[in-house]
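>>> Build the 3D model from these lines:
(chains A and B)
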Amino acid sequence: MPLLMIGIPLLAVILLNLGPRRWISKQTALYTALAATALQMALAAYMCFTVGIGSVSSIRFVEKLSVDLFSAVTLFTIGLVAMISLLVSRDASEGSRFSFFNLLLLIVAGMNGLVMVTDVFSLYVFMETVSAASFVLIAINKRGQELAGAFKYYMLSAVATVLMLTAICFLFLCAGSTGFAEVAACVSAKGNSPTLIAAFLLFTSGLMIKCGMVPFHTWVPDAYSNAPAPVSVLLGGIVTKVSGVYVLMRVYRDVFLNNAAVGNVLFALGIVSILVGALVAIGQDDFKRMLAYSSISQLGYIVLGVATGSPLGFVGALFHFFNHATFKSLLFVDAAAIETQTGTRSMSHMGGLAKRMPYTGVSSIIAFLSTAGIPPLSGFWSKLLIVIAVWRVSPALAMVALAASILTLAYFLVMQRKVFFGKPTEETREVREAGGNTVLAQVILSAVNILAGLAFPLLLFYLQGIGAL
Amino acid sequence: MVNGAVLANNLVVLLFFWEGILATLFAMILLGREGAYKTSVKAVVLVGLSDLCMMLGIGLTAHLAGTLAMDQIHLPLDSAGSAAFLLMMLGALGKAGAMPFHSWIPDAADDAPMPFMALLPAALEKLLGIYLLTRICVDLFIFTPGSSMSLLLMTIGAATILFAVMMALVQKDFKRLLSYHAISQVGYMILGIGTALPVGIVGGLFHMFNHATYKSCLFYTAGSVERQTGTTNLKEISGLGRQMPVTMVTFLVAAASISGFPFTNGFYSKELIFDGALQTNVVFYLAALLGAFFTAVSFLKLGHAAFFGKPAKNLAHVKESPLPMLIPMVVLAAACLAIGFVRLDVIANLLQPVLGQATGTGEVIGAHTNWLLVGISVGVLALAALDHFLGFRKTGSGLKAADHFHDAPVLRDIYRLAEKKVFDPYHLGGYAVRGFAAVSLSVNNAISWFYDVAVVGAVGFLSAQLHRANNGTKTRSLGWALIGVLIVAAIFALSL
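Take a look at the predicted model:
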């Protein structure tokens, strides 16, 4: 089945490119891609239940791929966000180029592989697949700004690649293999040998670039804000999260065995990212830049949760990962809808859009309340778990993380007021609601946010039942 | 809601239903005519205040007793117990509409829909307030005759009787006049229960029972008059007796009952209260008697003005109310008389068991009539009639027959102040609240400044600094990444 997860999107890409371009309409490509993502969600949901029953321990399907509950949830999230991005692309003119579908499916295949691998080097290979496809996707229209954003992303990714590849070499030196299990055995046996420490240092630094933690975050706002609307949904919603945070979670827990020094780095960068991301987001005028900084801040929470190394923090981080994918995608969908309808991303040129675009306005409220952690929406529970887990390690950090929620609320309230409330400006007077596909995407994601929030206690009992907590 | 409150055996459950009634009260007054909003707010503020007292009282009681089950609480009236008693008592009095929580009732009478007035403030609220008062006096606290709490309660009762009846005396509006009487009758009940004597408590409860019948009946007659004439202003209606005979007769029966005319139910319950008051202190007896005198005077005036005298010209077309309105009036008036006849059964079977062992003797209270007291009461009624007759002779109008009280030397000044609402705690409270609000506002402004200016300024400053650091070229962002690696290395170095 894990092979299927990589195979489905790849097969779709092959099918789409069998004959000459003119044989296959964009409509067909869209439906093929949608079918592939839907199939992926169904399979992932099935795996969530089959894998989860009994224990969280992984089931090894083939030598190099394995799936546990954690990767099953991530696979589901990937399918969901990719589907949303496809829906949005129908209403946005930029995203409807044919190669968009090819690249999107390639990215999905890459992410699926990334999620299931059990060895450090394959991890690196899939990560590069995803990154390479992303660069092209950001610059798909070959406009100046997009190229600039893509280039910045590419540049820092290259640095990360160098750092991580070197680290992988060191790990290989030490363990004689790149499999997760072998490296972990080496880590637990040799402890703090200089080679291992160097490997930890380099790998963590590289990952921090991929995650976009402060001060490695400079590519995030440029890449997100300059990308075409559907691409920014995909990028901000899932791509950078999987290639950064997911890998971090997997490697920190399964390979580095919650190494204390790495933990300290994560704590420090996590809390700094939460604060800096939120503070910078407050002053932004560009809608998508603001969302990008907000992403940095939210990723800070996930990293904090991971850093605790406790099962509680880990579950909190995983759940926040899922929630972030849904609410931040929703916000990016809203941003895409507004950008398509008004032609601007500058919040000072918007106003009174709530009346003109009711679905966008309401879904934006749900999304930002969820982000800020207002009960009973999904974001509240995951933040709560993270804060509790952090509290057990350091109450002071937990307090700071909590206080930063107020900053989150602050910049989102400013956004909501500027964009959706108040009087319509000259530019926004004649605006209409975005197309049906975008509205559908908004409704789906809003529902996920609310339902995940309401169903959370059930989820918690389930996790306790299988001994994950 | 009311049923829930009466049946509750747990203080918190009781409180729940209690507050539920406040919510319906607010909504019901709001349903009335335009401008009812102010009245409903007034009602909520006053009743809410008393409910707050009760909430505190319940908290204190539960703390002292260590349980919330009402049938297990018997607290002595020591210092803490007295405080709890006092708070619970204020809550009960507020619901019953005694002074100083009374002032919303006449306003509500103006604004609220008529069936509501007949139902809630006149009957149910009293029922509930007095129920709780009895409950705390008889069950929850060990309440003895002649104790300071008893005297306090009696003083409140007497003051309520006198003040409200004096206000009722000078009202020129049918419903307002009735609502002041509603307050004054509550005074009797409190006086009776406050004696802490079996005869007084039974009298108070019996009076509550009777009050529900005759005051509902009176409010229905007021409603009937309002419906047929379109007004309740006594200056505009007169001589309706001929056109509305049934309304007049039921009014007369109920008025006789409230004035304590012999052989009506109000007479018997009042006699019991008089008896209890006299046994405690003659001052309370005299106050109650004076109240009875003024009650009679004001009802003579009301009946005379509304139903007798020359028919007003513009009301010549007025007819009797339709049958559905008459039925409750007639039933209630008949009940006033019937309860008078079966009073001993009512007392023996319904009221006396309330006291449980407290009476001890097994004798039915009120079985022996104290003829001296009856004589005095009847004398007072005769005096009232005489006073009315003289006033009528002097002014030539039923409505103005009681005006000599309004114009009496000392009373005139008091009335003038009362009409300016000087005695209305809500208005007094209004001034206090305004002063307090001014102080709070300046404190609030200071806090707002801190959040709106200081915090926002600091955040804005930080944000601007970070923006400058972030608006980077590619070189600068590579530089940041390098710094980042150094930071990570530094943290590693520190951790090892």
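>>> okay, now residue 155: neighbour count?
As the question left the chain open, I've gone with chain A. By other Cβ atoms under 10 Å in any protein chain shown, 16 other residues sit near A:Met155. From N, CA and C alone the C-beta is placed, and that goes for glycine too.
>>> That was the other one, I meant chain B.
For B:Thr155, using other Cβ under 10 Å, the count is 17.
>>> Quick check: pLDDT value at it.
With respect to pLDDT, B:Thr155 scores 84.
>>> what's the following helix or strand after the host helix or strand of it?
Secondary-structure element containing B:Thr155, defined by DSSP states H and E: helix B:148-169. Counting by DSSP H and E, the element after helix B:148-169 in chain order, helix or strand, is helix B:174-194.
>>> ok and that following helix relative to helix B:148-169, angle-wise?
Put simply, helix B:174-194 runs at 160 degrees to helix B:148-169, going by axes from the mean of the first three to the mean of the last three Cα atoms, to 10 degrees.
>>> returning to that earlier point: with only the CA atoms kept, save the helix holding B:Thr155 in CSV.
Extracted C-alpha coordinates of helix B:148-169, given in CSV (Å, rounded to 0.1, in the frame of the first residue of the first chain):
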residue,chain,number,x,y,z
SER,B,148,-33.6,41.6,67.2
MET,B,149,-34.1,39.9,63.8
SER,B,150,-37.8,39.6,64.5
LEU,B,151,-38.0,43.2,65.5
LEU,B,152,-36.1,44.3,62.4
LEU,B,153,-38.4,42.3,60.2
MET,B,154,-41.5,43.7,61.9
THR,B,155,-40.1,47.2,61.5
ILE,B,156,-39.6,46.7,57.8
GLY,B,157,-43.1,45.3,57.5
ALA,B,158,-44.7,48.2,59.4
ALA,B,159,-42.8,50.8,57.5
THR,B,160,-43.7,49.1,54.2
ILE,B,161,-47.4,49.1,55.1
LEU,B,162,-47.5,52.8,56.1
PHE,B,163,-45.3,54.2,53.4
ALA,B,164,-46.9,52.3,50.5
VAL,B,165,-50.5,53.0,51.7
MET,B,166,-49.8,56.7,52.0
MET,B,167,-48.5,56.7,48.5
ALA,B,168,-51.5,54.7,47.3
LEU,B,169,-53.8,57.2,48.9
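>>> what comes up buried for it?
Residues of helix B:148-169 classed as buried: B:149-151, B:153-169 (neighbour count, 16 or more other Cβ atoms under 10 Å in any protein chain shown).
>>> Stretch B:484-496 now?
Buried, per 16+ other Cβ under 10 Å, within stretch B:484-496: B:484-485, B:487-489, B:491-492.
>>> Distance from it to the middle of the chain?
Mean-position distance between stretch B:484-496 and its chain equals 74 Å (Cα atoms, centre = their mean, to the nearest Å).
>>> Likewise for stretch B:141-151?
The answer for stretch B:141-151 is 23 Å, by Cα atoms, centre = their mean.
>>> who touches it?
With contacts defined as Cβ atoms under 8 Å, 6 or more residues apart in numbering or on different chains, stretch B:141-151 is touched by B:74-77, B:81-82, B:84-86, B:89, B:136-137, B:194-197, B:280-281.
>>> For the residue of the stretch 101-250 of chain A found nearest chain B, grab phi and psi.
Of all residues in the stretch 101-250 of chain A, A:Thr218 sits closest to chain B, at 3.4 Å by Cβ to the nearest Cβ. Note on A:Thr218: backbone dihedrals following degrees, to the nearest 10 are phi -60, psi -30.
>>> Just to check, it is in contact with B:Gly479?
No - checked against Cβ atoms under 8 Å, the pair A:Thr218 and B:Gly479 is beyond contact range at 9.3 Å.
>>> Looking at those two, which is more packed in?
A:Thr218 (28 against 14).
>>> State the distance from the more buried one to B:Gly484.
Computed as Cβ to Cβ, to the nearest Å, the A:Thr218 to B:Gly484 distance reads 10 Å.
>>> Can you name the residues of chain A sitting close to chain B?
Listed as neighbours of chain B in chain A under the rule Cβ under 8 Å from any Cβ of the partner chain: A:151-152, A:155-156, A:159, A:163, A:192, A:197, A:200-201, A:204-205, A:208-209, A:213, A:215-216, A:218-219, A:221, A:260-261, A:264-265, A:268-269, A:276, A:279-280, A:282-283, A:407, A:410.
>>> Buried ones among these?
A:151-152, A:155-156, A:159, A:163, A:197, A:200-201, A:204-205, A:208-209, A:213, A:215-216, A:218-219, A:221, A:261, A:264-265, A:268-269, A:276, A:279-280, A:282-283, A:407, A:410.
>>> Quick one: mean pLDDT over stretch A:107-120.
Stretch A:107-120 comes out at a mean pLDDT of 89.
>>> That stretch: which residues count as buried?
A:107-120.
>>> Columns secondary structure and distance to A:Leu69 on top of those, output as a markdown table?
Below are the buried residues of stretch A:107-120 laid out as a markdown table (DSSP: H, G, I helix; E, B strand; the rest coil; distance: Cβ to Cβ, whole Å):
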| residue | secondary structure | distance to A:Leu69 |
| --- | --- | --- |
| A:Ile107 | helix | 23 |
| A:Val108 | helix | 20 |
| A:Ala109 | helix | 22 |
| A:Gly110 | helix | 22 |
| A:Met111 | helix | 17 |
| A:Asn112 | helix | 16 |
| A:Gly113 | helix | 18 |
| A:Leu114 | helix | 17 |
| A:Val115 | helix | 12 |
| A:Met116 | helix | 13 |
| A:Val117 | strand | 17 |
| A:Thr118 | coil | 15 |
| A:Asp119 | strand | 20 |
| A:Val120 | helix | 21 |
